[in-house]
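> Provided below for reference: sequence and predicted model.
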Amino acid sequence: MYLYSCSRTAVDWYNYEDGAALAKTNGKNMVVYFTADSCDACDQLEENVFQDENVSSILNMDYVPIKINLHEVDSVYYDSSMIDISSFRRICKVPVAPTWEVFDSNEEWLESFHGLKNA
């Protein structure tokens, strides 16, 4: 399995392909986090939310956390075919980074969260 090496976060991020396979095997929902370079809200999430022990523990234990950097990932294997990231972004209705998408273990969309929200 491939894990994102992201020293700023306590979440064990997977790339989409490995995470989707793990979710299917374990019957867990996936949290797909879309981020981007030079995204201040993304930096805030990674510094203030993903470092939180409660948040990282829930994401790591109850979900399969997947991270997609829109500036680094060119394509993903989704729904039995390789598609470019722009098409995947349209399918997931990702208007901005950060966006969180929740999928079930069969890659069916469940819910979206866009932008940074204050608690």
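Perfect, thanks for sending it.
> How many residues are close by Met30?
Neighbours of Met30 under the rule other Cβ atoms under 10 Å: 23. C-beta coordinates here come from the backbone N, C-alpha and C atoms, glycine included.
> now do Asp104
Around Asp104 there are 14 other residues, counting by other Cβ under 10 Å.
> phi, psi of it?
Per-residue torsions, Asp104: phi -80, psi -180 (degrees, to the nearest 10).
> who touches the closest residue to it other than its chain neighbours in this structure?
Closest residue to Asp104 apart from its sequence neighbours, by Cβ to Cβ, 6 or more residues apart in numbering: Asn29 at 5.4 Å. Counting by Cβ atoms under 8 Å, 6 or more residues apart in numbering, Asn29 touches 23, 62-64, 102-105, 110.
> if you set the cut-off to 10 Å instead, what comes out?
Neighbour list for Asn29: 23, 62-64, 102-105, 108, 110-111 [criterion: Cβ atoms under 10 Å, 6 or more residues apart in numbering].
> Strands of the chain, start to end?
30-35, 64-69, 75-78, 81-84, 99-103, 109-114 (DSSP state E).
> is it possible to export those strands to TSV including distance to Glu53 and mean pLDDT?
Below are the strands of the chain laid out as TSV (distance: least, Cβ to Cβ, whole Å; pLDDT from 0 to 100):
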stretch	distance to Glu53	mean pLDDT
strand 30-35	17	97
strand 64-69	15	97
strand 75-78	29	94
strand 81-84	35	95
strand 99-103	19	94
strand 109-114	21	90
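> Quick one: closest of these to Trp13.
Taking Cβ to Cβ, strand 64-69 is the member of the strands of the chain nearest to Trp13, at 3.9 Å.
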